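Asker: pasting the structure only:
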DNA sequence: CCCCACACCGTAAACGTTTACAGGCAACCT
DNA sequence: AGGTTGCCTGTAAACGTTTACGGTGTGGGG
């Protein structure tokens, strides 16, 4: 296999200096004859520029890292799917870090920025610890955080608004005439759990509905736990007419239990999920779900980072992506898929993906 | 922000040569006193090794690329989820290429191997063209292909076996007493479409069932097209008692239509999907599906590549990952989720993922 | 005819590491 | 005491680029 040709090999073969070769390859002004000779030599040798050497000299790797907890999580996946093309079209490669929700791994990623193998980083941390903040402050490359970050942290930041999301859903249910709206939440010591629980309470208040502890059931963010929680809830409050679920998996569990209990969805009980994953469109009945704009957040984050990489300075920017409601059969009757908000309504397109397996 | 400390900065501060610094940092035998001084200096300066310079000298980047058509496709996603941890624990970073099913992009990726920004590549191409083969033969780094490749191609190769997969499903349906088993396929000019169609015909033959053109319906690999195809099929052959669908999306479309037609699943019509995506476990009734072992293929591919990176030579290896059947409610009655093949039975665990949206 | 301007090119340094080689020094043996 | 051994360390080259700088040759103007 030998050792690939370098700029030196070309120089020899073309009878010019390596400086000329470099100039030609970079399109700097050069005599026509020289260009011809160099190009010919490069073609014959099948030369490809060594990216590592180039990076060393130019201090640019044209790589960007994206770090999140788990590729399998549809929220992160949606981000990834938007980030990738944005970076690609700007000439950057994407280095993927899956941190398995381990804080130490996230710290590692931040620390490894110092190795300078990427020009920038997009990170969506689970929680932001002191260690995160310290490393962020000292980061040797631009960083964009997807998720919430303490006020005053000097870092570009793109966040969701699950509080408003919950409110959208509750308003929707209220508009449909539902008055006994229950909340099936995940653990309250998680950031999303706490935020969604608080928003539920507030939204009820604003609508003049009483807050009733009996209507709140805590489980976990999984399907089986969601089912269990809803079963308990139904036993306690048989007359409930709507379920606000803290994510889509819980909502799927709710559908299971309601079906088993002989309740019709949405006629007897309306169900709303959250995150608007592709499971929502695939389930039966299809699930109305609050989209927190993961895709949009990914895209914005990538664009913020590219701005920094282009050298734009200035104060850290903060963008909040508004949630929206993807209305489907589980609240609005038997019609199949309706998305009243065409501005973001690519929701259902997502099931249109090929599942071949070559 | 200044310019980060280098090995030179440390050498100065510790009063030793850069060679000694390098030795200490790499754990080569060194006097205790020197180690102490160097470590102290490095700590105080917050030194982090420059990965680019290191790669240039050592000709190792500790990066591996994975190229596939689309991260959103659950089959590729499953691969990615297995590849990532295997590479990570071996100390490699993952560079992700999404080629959007554009052949030119795949060629680009292969070509860019010459830039030496990665030590190896795992690629799952849609089709393998002449250009692919040429570049593979000349590749300057080890490559593992996930998918089929012409016999005699000198490249490590991991493939699925969708033919056997179809047969598993047909046998299963036959064992349940079904005799009018229809096939709902995607276009026959695609690789998976052709293979699955042929396998269907063969499997019927082996079971002594007649092949009947009326029982075959061609659509496309999407939910809506699947629904349309099944509607036609039902109109033509009302007595069909089982549907073999060429992927999960088609099967979801089938469920929609059967429900609308008042047919019970599985009592009246049993339904089998293919690819065993997480949609299969989420749907109602949950969907029996043929897993083509995407996750397993990803894992095996990563391991083959690591072997090469460790310097193992030898003939190109070919591994075929056996398919298996994830049996669920859409064929085996009302009981919820049963996977009779515990050897691969992590199927349902996949829905147990958190869908938070910080 | 001389000089200057200009276009082009080559030499060499630099980016931040790793590593072959050789020098220095202490300890040990004879 | 002199020689040998072995450990530790420093010098310098190398990895493959980019680029500042100065040199050469040509053409044109005075």
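Answerer: Yep, it's here. This is a predicted model, so every value here is computed, not measured.
Asker: got a list of what the residue most central in space within chain A touches?
Answerer: By CA atoms, centre = their mean, the mean C-alpha position of chain A lies nearest to residue A:79, the distance being 2.9 Å. Applying CB atoms under 8 Å, 6 or more residues apart in numbering or on different chains to residue A:79 gives the contacts A:66, A:68, A:124, A:146, A:294-295, A:297-298, A:301. Quick note: C-beta positions are derived from backbone N, CA and C, even for glycine.
Asker: which SSE is it in?
Answerer: Per DSSP states H and E, residue A:79 falls inside helix A:74-89.
Asker: Let's verify residue A:272: helix, strand, or coil?
Answerer: On the three-state scheme (DSSP: H, G, I helix; E, B strand; the rest coil), residue A:272 is labelled strand.
Asker: how far away is it from DNA strand D?
Answerer: From residue A:272 across to DNA strand D, the span is 55 Å (CB to the nearest atom of the strand, to the nearest Å).
Asker: so who does that residue touch?
Answerer: Residue A:272 sits in contact with A:169, A:172-173, A:242-245, A:251, A:287-290, A:330-331, where contact means CB under 8 Å, 6+ apart.
Asker: avg pLDDT for the helix holding residue A:79?
Answerer: Over the span of helix A:74-89, the pLDDT mean works out to 95.
Asker: could you check the angle helix A:74-89 makes with the following helix or strand past that helix?
Answerer: Toward the C-terminus, helix A:74-89 is succeeded by strand A:93-98 as the next helix or strand (DSSP H and E). Interaxial angle, strand A:93-98 versus helix A:74-89 (axes from the mean of the first three to the mean of the last three CA atoms, to 10 degrees): 160 degrees.
Asker: Report whether strand A:93-98 contacts chain B.
Answerer: Yes: Strand A:93-98 lies within reach of chain B by CB under 8 Å from any CB of the partner chain, at A:93-98.
Asker: What helices and strands are in contact with that strand?
Answerer: Under the contact criterion of 3 or more CB pairs under 8 Å, 6 or more residues apart in numbering or on different chains; DSSP states H and E, strand A:93-98 touches strand A:63-68, helix A:74-89, helix B:74-89, strand B:93-98.
Asker: try 7 Å
Answerer: Applying 3 or more CB pairs under 7 Å, 6 or more residues apart in numbering or on different chains; DSSP states H and E, one finds that strand A:93-98 contacts strand A:63-68, helix A:74-89, strand B:93-98.
Asker: Check the offset of that strand from the chain's centre.
Answerer: 13 Å (CA atoms, centre = their mean, to the nearest Å).
Asker: right, and the helix or strand after that strand?
Answerer: helix A:103-112.
Asker: follow-up on the earlier one: for the residue nearest to the centre of chain A, give its distance to residue B:75.
Answerer: According to CB to CB, to the nearest Å, residue A:79 and residue B:75 sit 20 Å apart.
Asker: Verify the contact between residue A:168 and residue A:323 for me.
Answerer: Yes: between residue A:168 and residue A:323 there is a contact under CB atoms under 7 Å: 6.2 Å.
Asker: shared neighbours, those two?
Answerer: Taking CB atoms under 7 Å, 6 or more residues apart in numbering or on different chains as the criterion, residue A:168 and residue A:323 both touch residue A:290.
Asker: can you pull out the strands in the stretch 251-358 of chain A?
Answerer: Along the stretch 251-358 of chain A, counting by DSSP state E, counting those that start in this stretch, strands occupy A:270-274, A:288-291, A:318-320, A:324-326.
Asker: can you redo those as a markdown table with mean pLDDT and distance to residue B:273?
Answerer: Formatted as a markdown table, the strands of the stretch 251-358 of chain A follow (pLDDT from 0 to 100; distance: least, CB to CB, whole Å):
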| stretch | mean pLDDT | distance to residue B:273 |
| --- | --- | --- |
| strand A:270-274 | 97 | 22 |
| strand A:288-291 | 98 | 23 |
| strand A:318-320 | 97 | 39 |
| strand A:324-326 | 97 | 24 |
